[in-house]
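Undergrad: Sequence plus the predicted model coming up.
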Amino acid sequence: MPVDLDIMDHKILGPAIRKGIAQGVEQGMEKGLEKGLKKGLKKGLQEGIEKGLEEGMEKGMEAEARQFLRRQIERRFGVLPPWAEKRLGEVSRVEAEELGLKFVDAKSLEEMFH
């Protein structure tokens, strides 16, 4: 005589197994979420540090390019008037390089900045 019983239908074992499965799923999800959050935070922190360093280096290079150009201009044309100081303070690194090329041929500050 074949026995065709489903253990999940058992009065005592069925509820215990279902409870165990539910607890196992819940614990697995919690551990998975915790592990995923840690990994995500670590990756996010690393990317944030890298981006911050990149931006810091770019700002440093910009400031250095402006300072170098300022020294050249002041040596050639004297103290910068406020309008030229303002303009120089707003230029990017690339713009400072372009102004440096203009500096070579410019006869005046006005010619250089316009």
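TA: On my side now, so go ahead. Numbering: from 1, shown residues only.

Undergrad: Show me the helices in this protein, by range?
TA: In the chain, the segments counted as helices under DSSP state H are 13-77, 82-90, 93-105, 109-113.

Undergrad: and the last one, what's its mean pLDDT?
TA: Okay, so that is helix 109-113. In this model, helix 109-113 has a mean pLDDT of 91.

Undergrad: which parts of it are buried?
TA: Within helix 109-113, the residues that count as buried by 16 or more other CB atoms under 10 Å are 109, 112. Backbone N, C-alpha and C define where each C-beta goes, glycine included.

Undergrad: Provide the contact partners of it at residue level.
TA: By CB atoms under 8 Å, 6 or more residues apart in numbering, the surrounding residues in contact with helix 109-113 are 73, 77, 80, 81, 84, 87, 99, 102, 103, 106.

Undergrad: Got a PyMOL select line for the buried ones in those residues?
TA: To isolate the buried subset of those in PyMOL, counting by 16+ other CB under 10 Å, use the following:
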select buried, resi 73+77+80+84+87+99+103+106
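
Undergrad: Can you say which of the helices of the chain is packed in most?
TA: Comparing those by mean neighbour count (mean count of other CB atoms under 10 Å), helix 109-113 ranks first with a mean of 15.

Undergrad: gap between that helix and the chain center?
TA: 36 Å (CA atoms, centre = their mean, to the nearest Å).

Undergrad: Over to stretch 52-71?
TA: 18 Å.

Undergrad: contacts for it?
TA: Under CB under 8 Å, 6+ apart, the answer for stretch 52-71 is 80, 88, 89, 91, 92, 93, 96, 97, 99, 100, 103.
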